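# Sequence first, then the predicted structure, then my questions.
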Amino acid sequence: MPTRVQPAALMLLGSLAALAVAFASQYLGGLLPCQLCLWQRWAYGAVIVLAVLTFALPGRLRTAGASLTALAVLAVAGIALFHTGVEQHWWRGLPSCTSTVNANQSLTDLENQLMATPVIPCDRPAWTMFGVSMAGYNFAYATALGLFGLVAALRGRGER
């Protein structure tokens, strides 16, 4: 296998591992994902598609494909950083991700507001270890994976 494809393989396996942890946390650990968690999963799905497409590229384009895949992993890190900031209350989340219940309204309006409220709020971590949430760990993981993949892809660009 040419060196240029190895970064894509690494990011493919790394993304599959991240999704495996996310789904195991949900289905085995009972941690339900919020909207921003789901966005991170979709972004890993896009990384998987880009990595697989990189394998199909001609040799001269594989570096570009691997570099694009690495940038997509760094986009996952960006989403995870945003999510971590929402959890830490460094900034506000999306209106569809957090809400406050207004108790000074009719019962019908309160019911409608509760039905529109997300089941899993993005600003409250479902799990932490050593004070770091899953989004925080995902930020560190995706940053390391993306930077390593980008450096490996760019180092292999002169090889044919």
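The structure has been received and is ready for your questions. Numbers count the residues shown, from 1 in each chain.
# and the next element down the chain from the helix or strand residue 15 falls within?
Residue 15 is part of helix 6-27 when elements are defined by DSSP states H and E. Next along the chain after helix 6-27, taking DSSP H and E as the criterion, comes helix 35-56.
# ok and that next one relative to helix 6-27, angle-wise?
Interaxial angle of helix 35-56 relative to helix 6-27 (axes from the mean of the first three to the mean of the last three C-alpha atoms, to 10 degrees): 150 degrees.
# Tell me how far helix 35-56 lies from the chain's centre.
When C-alpha coordinates are averaged (C-alpha atoms, centre = their mean, to the nearest Å), helix 35-56 and its chain have centres 9 Å apart.
# re the thing from before, list the buried ones in the helix holding residue 15?
For helix 6-27, burial by neighbour count (16 or more other C-beta atoms under 10 Å) applies to 6-12, 14-15, 18-19, 22, 25. For every residue, glycine as well, the C-beta is placed using N, CA and C.
# Report the contact partners of residue 152.
6, 7, 10, 66 (C-beta atoms under 8 Å, 6 or more residues apart in numbering).
# who does the helix holding residue 15 touch, helix- and strand-wise?
helix 35-56, helix 62-87, helix 134-155 (3 or more C-beta pairs under 8 Å, 6 or more residues apart in numbering; DSSP states H and E).
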